[in-house]
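J.: Show me the folded form of this:
(one chain, ligands or ions: 1)
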Amino acid sequence: MDDRVDREFAREQAHLAATRAALARMRDTARHRVATGADVAGDRWTAETLGRMLRTHAKELAEEPDAPPYFGRLRFGVAAEAGEHAGQRYHLGRRHITDEAGHPLVIDWRAPVSRTFYRATARDHLGVAVRRRYGWSSAPPAPARLTGFEDEHLDRGEELGGGSRLVAAEIERPRIGPMRDIVATIQPEQDELVRADLDTSVCVQGAPGTGKTAVGLHRAAWLLYTHRRQLGRTGVLVIGPNPAFLRYVSAVLPALGEVDVDQRTLEDLLARHPIAATVVDDDAAAAVKHDIRMAGVLDRALYGRLRVTAEALTVPDGPYRWRLPAGAVAGLVAEIRRESPPYGIGRERLRSRVVGLLQRQAERRVELSGVAWARRVGRCAPVRDLLDRAWPAVRPEELLARLLGDPDGLAEAADGTLTADEQNAVRWTRPRGARTARWSAADLVLLDEVAGLIEHPPGYGHVIVDEAQDLSPMQCRALARRSVHGSLTVLGDLAQGTTPWAARSWPDQLTHLGRPTARVVPLTAGFRVPGAVLALANRLLGTLGVDVPPTRSVRSDGHLRVHHADDLDTGVLDAVRDALGYAGSVAVIGVDAAVTRLAGPLRAAGVPAAGVDEVDPSARVTLLPVTLAKGLEYDHVVLVEPADIVAAEARGPHRLYVALTRAVSRLDIVHHRPLPAALRG
Ligand SMILES: Nc1ncnc2c1ncn2[C@@H]1O[C@H](COP(=O)(O)OP(=O)(O)OP(=O)(O)O)[C@@H](O)[C@H]1O
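T.: The predicted structure is shown next:
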């Protein structure tokens, strides 16, 4: 028996050597092609496209050159269910690797056959006789070493499920550096989401650490692989809550071979102007500006610019004068309004219909040179003046500056929609012109709404929105506008909503996102947070006012400790010193001011600690303001004074829930004030 295992292991070593040699050859070829690609292409456009493609390919192959080249293997049986794969073996990895003759040594995890690896069970083995998982040890820069494998004879009814040693080790591996991909251990319910069709929009409701972000990123990679041409043209957009989060997840897609996904914050996507740091809306103003009713107010303000003109139009044309009778233009405007094109297109439509009527008149009298005549008349002063009166061109900045700066204009647009108090809340006390105006973050959302009414923005083939529960209705609309012809993956957790406008129900949020009928799929297996920590965090759930399914942790390791400290700084310092005795990353999380203040005492005690935005390789400890903690994870978390986190903001309990669920292995809570009631006892 052992002999058989040894022989099998030797065969695996030989396959590994062949795979590494093939990968090195593919990399050399890719590099060579980058160097010569531009010379072999026939024209400049082809050269550029080819060059870009080759550079991308070379870059993909250069990612993590010494990482394990595969993670699993499928051996199909010979029964009918195996179909075309009968008797075949396939190693599965992050990308295809082929030998010199073009035979596959490793199949991409996204290929259709790989689906079987994630979905096959003992009850429904989908033709698979044996599923094999590999164990690797890696100590970069040395290449990863194959340490063993684990077989499940699915055809004999054997299945390890949660008992797989390799899967458990992979899930519980300490976190160092940026987020990693999970291709080796994607779970069936996650795989179903990852491989949902391109035209399917889906919403994933998942408690902290259930793999929402991981699912979203793997879905992006799968979609790009499966619909490369279409999405190469239309693009994939990933929206994350803040730059620290985006930095944390930014390595996943390149590691999966995808270097062309647009990963941004929503603020960045809508940044027509820099946000003025000095212009911060107070709570009342922000609440109104993010309210869905603002969509109606802006629409009314914009279309309030149309003027019904009863005048006749006269256009001199050489010896002739062409005329439109009074009322004709008003009729055209009403007709175009009924067709409801974007405002900017409406203006051009009016121009061309006016010209069309004039042209019909003219054609009865003279021979016209069609297009040139129409262009000239369309730009002539009387037509231009008429358009500027009846359907004036509008810039979003100018419209919003007038709306917020002019109480009468605001009252007119908001009458019956916003109360007088709400109008007062958003009104500028010192009116400014469009050029000198300074815009707040919420103003940029409004400007985007107006810009979207004037002209549809370019869209994406697929948009993935993380932490979607935190988006306001107006922010949702900005994303809906960019995915009109594409689909959406909406990721979030109602229990982690911390903005004043955070969603309390997915159907409402999905309606704002333009996908009212998207399926809401729960994920309930927690991969990040150890059981003991999750049990504590779950105690808060009842106080958060949302209806979400409970979660169980799949982790067997980890610890939770609660320390009462007479002196908070000393308590934190002790906990941090203890944390540094373990492998992995450490974060100190507390209200923003406390975290800033703790930098001094930690430094004085000889513990280097970096801010979340600093890159300091000597610091294993990150000082993380709780408002930036969303989506991030650390091996060891020292959570400072939960009562302060609860008291700091209206949604303090939700914020505490987020903070409690950042720890991958160990959570130390250090408090001086009494713990919030839900955490006591
Ligand atoms: N199938 C899996 N196998 C191994 N690790 C996994 C799996 N699914 C998720 N993880 C890991 O669990 C951790 C949490 O995943 P992720 O950040 O995607 O969760 P999340 O639901 O987005 O959490 P949050 O709500 O806190 O943002 C990550 O380290 C991720 O790599």
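J.: quick one, strands of the stretch 51-200 of the chain?
T.: With DSSP state E, counting those that start in this stretch applied, the stretch 51-200 of the chain shows strands at 72-76, 89-93, 97-98, 104-108, 128-137, 145-153, listed in chain order.
J.: export the ones you listed to TSV and tack on distance to R555 and mean neighbour count?
T.: (Glycine included, C-beta is placed from N, CA and C.) Below are these laid out as TSV (distance: least, Cβ to Cβ, whole Å; neighbours: other Cβ atoms under 10 Å):
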stretch	distance to R555	mean neighbour count
strand 72-76	21	22
strand 89-93	25	21
strand 97-98	32	20
strand 104-108	29	20
strand 128-137	18	20
strand 145-153	19	16
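J.: nearest to K289, of those?
T.: Nearest to K289, of all the strands of the stretch 51-200 of the chain, is strand 104-108, at 45.4 Å by Cβ to Cβ.
J.: got the angle for that closest one vs strand 89-93?
T.: Relative orientation of strand 104-108 and strand 89-93, computed by axes from the mean of the first three to the mean of the last three Cα atoms, to 10 degrees: 50 degrees.
J.: what's strand 104-108 packed up against?
T.: Packing partners of strand 104-108 (3 or more Cβ pairs under 8 Å, 6 or more residues apart in numbering; DSSP states H and E): helix 2-40, strand 89-93, strand 97-98.
J.: Report the buried residues of the longest one.
T.: Think helix 2-40. Residues 12, 15-16, 19-20, 22-23, 26-27, 30-31, 33-34, 37 are the ones in helix 2-40 that count as buried (16 or more other Cβ atoms under 10 Å).
J.: Tell me which of the helices and strands packed on strand 104-108 lies nearest to P516.
T.: Proximity to P516 (Cβ to Cβ) singles out strand 89-93 among the helices and strands packed on strand 104-108, at 37.5 Å.
J.: When you compare pLDDT across the buried residues of helix 2-40, which one is lowest?
T.: Within the set of these, pLDDT is lowest for G37 (56).
J.: Can you get me a residue count around the closest residue to the ligand within the stretch 501-650 of the chain?
T.: The stretch 501-650 of the chain approaches the ligand most closely through F527 (3.4 Å), counting by Cβ to the nearest ligand atom. Using other Cβ atoms under 10 Å, F527 has 21 other residues around it.
J.: Including distance to L453, could the helices and strands packed on strand 104-108 go into JSON lines?
T.: Formatted as JSON lines, the helices and strands packed on strand 104-108 follow (distance: least, Cβ to Cβ, whole Å):
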{"stretch": "helix 2-40", "distance to L453": "43"}
{"stretch": "strand 89-93", "distance to L453": "48"}
{"stretch": "strand 97-98", "distance to L453": "50"}
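J.: Out of these, the one nearest D181 is which?
T.: Using Cβ to Cβ as the measure, strand 89-93 is the one of the helices and strands packed on strand 104-108 that comes nearest D181, at 11.2 Å.
J.: Ranking helices and strands of this structure by mean pLDDT, which lands last?
T.: helix 44-62 (a mean of 54; mean pLDDT, DSSP states H and E).
J.: Get me the contact residues on the stretch 301-450 of the chain for the ligand.
T.: Applying Cβ under 6 Å from any ligand atom, one finds that the stretch 301-450 of the chain does not approach the ligand at all.
J.: which stretches of the stretch 301-450 of the chain form helices?
T.: Here the stretch 301-450 of the chain has its helices, by DSSP state H, counting those that start in this stretch, at 328-339, 343-363, 370-379, 381-390, 396-405, 407-414, 420-426, 441-454.
J.: Could I get the phi/psi values of the closest residue to the ligand within the stretch 351-500 of the chain?
T.: Relative to the ligand, the nearest point of the stretch 351-500 of the chain is D493 (5.1 Å; Cβ to the nearest ligand atom). Dihedral angles phi and psi of D493 (degrees, to the nearest 10) take the values phi -150, psi 110.
J.: show me the contacts for the closest residue to Y70 other than its chain neighbours.
T.: Distance criterion Cβ to Cβ, 6 or more residues apart in numbering; nearest residue to Y70, sequence neighbours excluded, is G93 at 3.6 Å. Residues near G93 by Cβ atoms under 8 Å, 6 or more residues apart in numbering: 68-71, 106-109, 183.
J.: so which of those comes closest to the ligand?
T.: The ligand has its nearest neighbour among the contacts of G93 in V183, at 9.1 Å by Cβ to the nearest ligand atom.
J.: how about low-confidence regions in the chain?
T.: Residues of the chain meeting the criterion pLDDT under 70: 1, 34-65, 162, 174-176, 276-277, 368-369, 615-618, 681.
J.: tell me which parts of it are close to the ligand?
T.: Where the chain comes near the ligand, counting by Cβ under 6 Å from any ligand atom, the residues are 170-171, 179-180, 182, 185-187, 190, 206, 208-214, 493, 496, 527-528, 631, 633, 661.
J.: before we move on, the earlier item: would you mind measuring from the residue nearest to Y70 to L154?
T.: 20 Å (Cβ to Cβ, to the nearest Å).
J.: Ok, R94 next?
T.: Here R94 is placed at a distance of 23 Å from L154 (Cβ to Cβ).
J.: Repeat that for V554.
T.: Applying Cβ to Cβ, the value for V554 to L154 is 21 Å.
J.: and if you look at R233?
T.: 40 Å.
J.: more crowded one of those two?
T.: Taking neighbours as other Cβ under 10 Å, R233 and L154 compare with L154 leading, 24 against 9.
J.: Touching, the more buried one and A120? I think so.
T.: Yes. At 5.6 Å, L154 counts as touching A120 under the criterion of Cβ atoms under 8 Å.
J.: Mutual contacts of those two, please.
T.: Common contact partners of L154 and A120 (Cβ under 8 Å, 6+ apart): 128, 131.
J.: Apply the buried test to the residues of the chain next to the ligand and list what passes.
T.: For the residues of the chain next to the ligand, a burial check counting by 16+ other Cβ under 10 Å picks out 170-171, 179-180, 182, 185-187, 190, 206, 208-214, 493, 496, 527-528, 631, 633, 661.
J.: which residues does the closest residue to the ligand within the stretch 101-250 of the chain contact?
T.: Residue nearest to the ligand within the stretch 101-250 of the chain (Cβ to the nearest ligand atom): G211, separated by 3.0 Å. With contact set as Cβ under 8 Å, 6+ apart, G211 has these partners: 182, 187, 190, 523, 525, 527.
J.: likewise V371?
T.: Listed by Cβ under 8 Å, 6+ apart, V371 has no contact partners.
J.: Report the separation between it and I345.
T.: V371 sits 19 Å away from I345, going by Cβ to Cβ.
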